[in-house]
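# please find the sequence and the predicted model below.
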Amino acid sequence: MKRFIQNHPYWYYSILTGVFIYVFLTVFKPFGFQNAPPETLNPLFLGYSLIGFLLVLLNNALLGGLMDRRFPDKGSLVRVWLWPLWITLTIMLANVAYTRWYFVKTGWTAPQHFQPAPVIVGTLAIGALCIFIIEMIDQNIRLRQNLITQQMANQKLKERLPGEVQNQETGEMLLPSAQNEKDTYRFKTDDLFFMNAEENYVAIHFKKEKNQRTLIRNTISSIEEQLKDHYPLIFRCHRGYVVNIRKIISVTGNAQGFKLFLDGIPEAIPVSRSYVPEFRKIVKNYL
């Protein structure tokens, strides 16, 4: 089940949505359904659950890639609430059309007497409850996975021999350049701690005789591209951070991501939800 969820998240959410809708309607019979003929309810509820399943699946299959590109931060407002709301609205429109067809077909109401308002209110209410429950389940799964990764990372860091960090570092030169392609900076991988975005600049934190910081006019994405040959040693862990994984001394985690603590650096470096899967691979194979 765990492997299925990891490899097929959209199918997981689709199935969970369909099952939740059917169970909720069957158990509670809300919105006046308790007064309807019992023999007509089960097909109606199955239809609602099938609509929920299909539209969650289709929205993610057709638009999920666009969402990943435009809004890569999975913890953002758009991904957590607005995207599920859009899916709920598409389900609502399909439910209105389906309910009208079913009510007319079974003789519950004449076409001119059909009232869509209860269907709209009911879909939005169940949708909001479903979004909340799925988000709670998702957070619980992420928390457990991240705590396992945290434990693995800290165990590996604890088992490092004295001086092993320095011995594993390559000492190769990093050559990040500014947007004008004229100003190029030279740092050894041994010296780099992390880089972070600061408005139109990237701050490079490194150590020579002492901890230092310099600004380079460029974007963090451009710097990441320039240093891609040094992956996974130099790892993009957040939309605003790039970190040297050999400088990590401890890791903490929660459902939203991780915090990395570097040797001699008071600032905790975040690993956002979008970069958590890649960080897990790094912990397993390279840390």
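The structure has been received and is ready for your questions.
# can you give me how far the top helix by length along the chain is from the chain middle?
Ranked by residue count and defined by DSSP state H, the top helix of the chain is helix 117-158. Between the centre of helix 117-158 and the centre of its chain there are 10 Å (C-alpha atoms, centre = their mean, to the nearest Å).
# leaving out chain neighbours, which residue sits closest to the residue nearest to the spatial centre of the chain?
The centroid of the chain falls nearest to residue 74 when counting by C-alpha atoms, centre = their mean (3.1 Å). Spatial nearest neighbour of residue 74, excluding adjacent residues (C-beta to C-beta, 6 or more residues apart in numbering): residue 273 at 4.2 Å. To be clear about C-beta, it is placed using only N, CA and C from the backbone, and glycine gets the same treatment.
# residue 20 contacts residue 133, correct?
Yes - with contact defined as C-beta atoms under 8 Å, residue 20 reaches residue 133; the gap is 6.8 Å.
# the two - which one has more neighbours?
Counted by other C-beta atoms under 10 Å, residue 20 and residue 133 do not tie: residue 20 has more neighbours, with 17 against 14.
# and the more buried one, what pLDDT?
Looking at residue 20, its pLDDT is 91.
# now swap in residue 7 and tell me
Looking at residue 7, the pLDDT reads 55.
# any low-confidence regions in this protein?
1-8, 161-171, 181, 209 (pLDDT under 70).
# 80 instead?
For the chain, the stretches with pLDDT under 80 are 1-10, 31-32, 34-38, 72-76, 111, 160-175, 177, 179-187, 208-211.
# can you give me the helices in it?
2-7, 9-28, 38-70, 77, 83-106, 117-158, 164-168, 220-226, 276-285.
# which stretch among the ones you listed comes nearest residue 268?
Proximity to residue 268 (C-beta to C-beta) singles out helix 117-158 among those, at 13.2 Å.
# thinking again about what came up before, now do the longest helix of the chain: which elements does it pack against?
helix 9-28, helix 83-106, strand 248-254, strand 257-262, helix 276-285 (3 or more C-beta pairs under 8 Å, 6 or more residues apart in numbering; DSSP states H and E).
# between the helices of the chain, which gets nearest to residue 178?
Closest approach to residue 178 among the helices of the chain (C-beta to C-beta): helix 220-226, 9.3 Å.
# let's see that closest one as PDB, backbone CA atoms only.
Below are the C-alpha coordinates for helix 220-226, written out as PDB (Å, rounded to 0.1, in the frame of the first residue of the first chain):
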ATOM      1  CA  ILE A 220      19.000  30.900  -7.400                       C
ATOM      2  CA  SER A 221      17.700  28.800 -10.400                       C
ATOM      3  CA  SER A 222      20.500  30.100 -12.600                       C
ATOM      4  CA  ILE A 223      23.200  29.300 -10.000                       C
ATOM      5  CA  GLU A 224      21.700  25.800  -9.500                       C
ATOM      6  CA  GLU A 225      22.000  25.200 -13.300                       C
ATOM      7  CA  GLN A 226      25.600  26.400 -13.300                       C
END
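# what sits up against it?
175-177, 179, 195-197, 202, 216, 236, 239-242 (C-beta atoms under 8 Å, 6 or more residues apart in numbering).
# now swap in stretch 140-147 and tell me
Against stretch 140-147 from outside (C-beta under 8 Å, 6+ apart): 5, 253-258, 273, 276, 280.
# which pair in these spans the largest distance?
Checking those with C-beta to C-beta, the most distant pair is 5 and 258, at 19.9 Å.
# more neighbours, the two?
Shown here are residue 5 and residue 258; by other C-beta under 10 Å, residue 258 has more neighbours (26 against 15).
# give the contact list for the more buried one.
146, 149-150, 237, 251-252, 270-271, 276, 279.
# do the same with residue 47
Contacts of residue 47 (C-beta under 8 Å, 6+ apart): 98, 102.
# repeat that for 6 Å
residue 98 (C-beta atoms under 6 Å, 6 or more residues apart in numbering).
# likewise for residue 14?
Residue 14 sits in contact with 53, 56-57, where contact means C-beta under 6 Å, 6+ apart.
# neighbour-wise, which of the residues you listed leads?
Neighbour-wise, the contacts of residue 14 (other C-beta under 10 Å) top out at residue 56, 26 neighbours.
# please consider this matter closed, and thank you.
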